[in-house]
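>>> the following comprises the amino acid sequence and a computationally predicted model.
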Amino acid sequence: MRKRERIQGIFSAQRMSVIGTGTTKKKTKQLTYWYAEEQENGVLKVQAINDNYIPTGPVVAVEMELFLKDYHPEPELYVKKVIPNLKKLEKSISLGESHRANGETYSAEYEFNKAMSLDEMNVRVNFGLGLTYFDRGEVERAENIFKRLVCLEGSFEPQHKHLFNEFGISLRKNGMHQQALAYYLKAIDLVQSDENLHLNIARVYFEAGEIKPCLEHLRQSLLINRELEEACVFLQFLKSKGFIEDCTLDQIIGRESDSSDIIDSLLKKPPKEEANPLKSQTPKAKSASLTEELNFL
């Protein structure tokens with residue numbers, strides 16, 4: 001017997017909404033359109049279609065029985081509207097990424113804005129535009145993109161990891177430490193066991209002059225992967241510059257001990273404020289002295 005193909009395509013559904021108040025209040029039916037894709041377990045992943053016929057926004061799960069009852073196929077809409085516009089979106093994103101890779105930032109901005117007009121919630125578009133602004137030194141415009149990205153579902157998913165990492169590094173390199181931390185800490189809520197993410201957080205804390213949380217996240221990175229070369233280099237750097245006591249890798253991991261006790265035992269007493277190389281310098285001077293040696297990120 002031939003295996004049934006999984007459900008995939010555009011479907012319409014009627015939603016009841018209430019408009020007005022008091023004596024003018026009334027219920028109305030509204031037709032909405034959705035992109036649906038059946039999963040291996042038979043549950044449908046459903047995503048709304050925007051005004052440009054692009055699937056966008058949060059993805060919700062719908063049980064098969066409810067889906068067959070409430071959703072109705074729209075194959076003509078899928079062929080005539082959705083597929084052509086998805087191709088336009090992908091073309092603009094690909095051109096934008098290509099222009100940016102070649103240093104053609106104004107052409108990249110043009111293509112990303114074309115894509116944005118089709119789907120302003122697209123993660124690749126937002127990352128691309130934000131990174132383009134960073135490339136041009138337009139930090140304020142990049143920060144506006146940052147505010148959108150931290151609210152977008154999908155910003156921290158595995159398929160966007162390289163863009164996510166590049167954007168976070170750009171935030172840090174531009175001295176936007178609080179924004180970088182907000183960005184990384186949201187990601188850590190979603191992906192607890194990513195050694196590189198903990199390493200990035202440690203790096204931000206270091207550049208912000210906060211050694212204790214820096215060491216806490218560096219330790220978490222090493223707990224996940226004690227062979228992570230960049231984390232081992234960072235640990236050696238902290239020891240060589242006198243921020244922490246000389247210790248072995250096993251001592252900092254210290255699985256049998258309370259983590260706060262380990263951190264406190266390794267931290268050296270901070271020098272006087274005027275002698276602290278992190279606290280006494282401007283971000284630019286700090287970057288030109290100590291942080292230039294941390295060139296592995």
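Happy to help now that I have it.

>>> pLDDT on the host helix or strand of residue 131, on average?
Taking DSSP states H and E as the criterion, residue 131 maps to helix 123-135. Averaged across helix 123-135, pLDDT comes to 95.

>>> kindly format the C-alpha coordinates of it as PDB.
Provided in PDB are the C-alpha atoms of helix 123-135 (Å, rounded to 0.1, in the frame of the first residue of the first chain):
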ATOM      1  CA  VAL A 123      15.600  36.200  11.000                       C
ATOM      2  CA  ARG A 124      18.200  36.100   8.200                       C
ATOM      3  CA  VAL A 125      17.000  39.500   7.000                       C
ATOM      4  CA  ASN A 126      17.300  41.100  10.400                       C
ATOM      5  CA  PHE A 127      20.700  39.600  11.100                       C
ATOM      6  CA  GLY A 128      22.000  40.700   7.600                       C
ATOM      7  CA  LEU A 129      20.800  44.200   8.000                       C
ATOM      8  CA  GLY A 130      22.100  44.600  11.500                       C
ATOM      9  CA  LEU A 131      25.500  43.200  10.500                       C
ATOM     10  CA  THR A 132      25.600  45.600   7.500                       C
ATOM     11  CA  TYR A 133      25.100  48.500   9.800                       C
ATOM     12  CA  PHE A 134      27.900  47.300  12.100                       C
ATOM     13  CA  ASP A 135      30.100  47.000   9.000                       C
END
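
>>> I'd like the next helix or strand past it.
Next along from helix 123-135, by DSSP H and E: helix 139-149.

>>> give the residue spans of the chain that score low on pLDDT.
Along the chain, the parts satisfying pLDDT under 70 run over 1-2, 17-18, 20, 22-24, 255-259, 269-297.

>>> run the chain-centre distance for the helix holding residue 131.
12 Å (C-alpha atoms, centre = their mean, to the nearest Å).

>>> again with stretch 62-72
32 Å.

>>> tell me which residues are up against it.
Outside stretch 62-72, the residues within contact range by C-beta atoms under 8 Å, 6 or more residues apart in numbering are 7, 11-14, 34, 36, 38, 42-46. C-beta: built from backbone N, CA, C; applies to glycine.

>>> about what we covered before: output the contacting helices and strands for the helix holding residue 131.
Helices and strands touching helix 123-135, by 3 or more C-beta pairs under 8 Å, 6 or more residues apart in numbering; DSSP states H and E, are helix 83-101, helix 105-118, helix 139-149, helix 161-173.

>>> give the buried residues for the last one.
The reference is to helix 161-173. 163, 164, 165, 167, 168, 169, 170, 171, 172 (16 or more other C-beta atoms under 10 Å).

>>> and it, what other elements does it pack with?
helix 123-135, helix 139-149, helix 177-190, helix 195-207.

>>> what angle sits between that helix and helix 123-135?
30 degrees (axes from the mean of the first three to the mean of the last three C-alpha atoms, to 10 degrees).

>>> just the CA trace of helix 161-173, in PDB.
Extracted in PDB, the C-alpha atoms of helix 161-173 (Å, rounded to 0.1, in the frame of the first residue of the first chain):
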ATOM      1  CA  LYS A 161      24.000  30.000  14.800                       C
ATOM      2  CA  HIS A 162      26.700  31.500  12.600                       C
ATOM      3  CA  LEU A 163      24.700  34.700  12.200                       C
ATOM      4  CA  PHE A 164      23.900  34.800  15.800                       C
ATOM      5  CA  ASN A 165      27.600  34.400  16.800                       C
ATOM      6  CA  GLU A 166      28.700  37.100  14.400                       C
ATOM      7  CA  PHE A 167      26.100  39.600  15.600                       C
ATOM      8  CA  GLY A 168      27.000  39.000  19.200                       C
ATOM      9  CA  ILE A 169      30.700  39.500  18.500                       C
ATOM     10  CA  SER A 170      29.800  42.800  16.700                       C
ATOM     11  CA  LEU A 171      27.800  44.000  19.700                       C
ATOM     12  CA  ARG A 172      30.800  43.300  22.000                       C
ATOM     13  CA  LYS A 173      33.400  44.800  19.700                       C
END
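
>>> now the helices and strands packed on helix 123-135 in JSON lines, with distance to residue 185?
Formatted as JSON lines, the helices and strands packed on helix 123-135 follow (distance: least, C-beta to C-beta, whole Å):
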{"stretch": "helix 83-101", "distance to residue 185": "27"}
{"stretch": "helix 105-118", "distance to residue 185": "27"}
{"stretch": "helix 139-149", "distance to residue 185": "14"}
{"stretch": "helix 161-173", "distance to residue 185": "11"}
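
>>> got phi/psi on residue 48?
phi -70, psi 150 (degrees, to the nearest 10).
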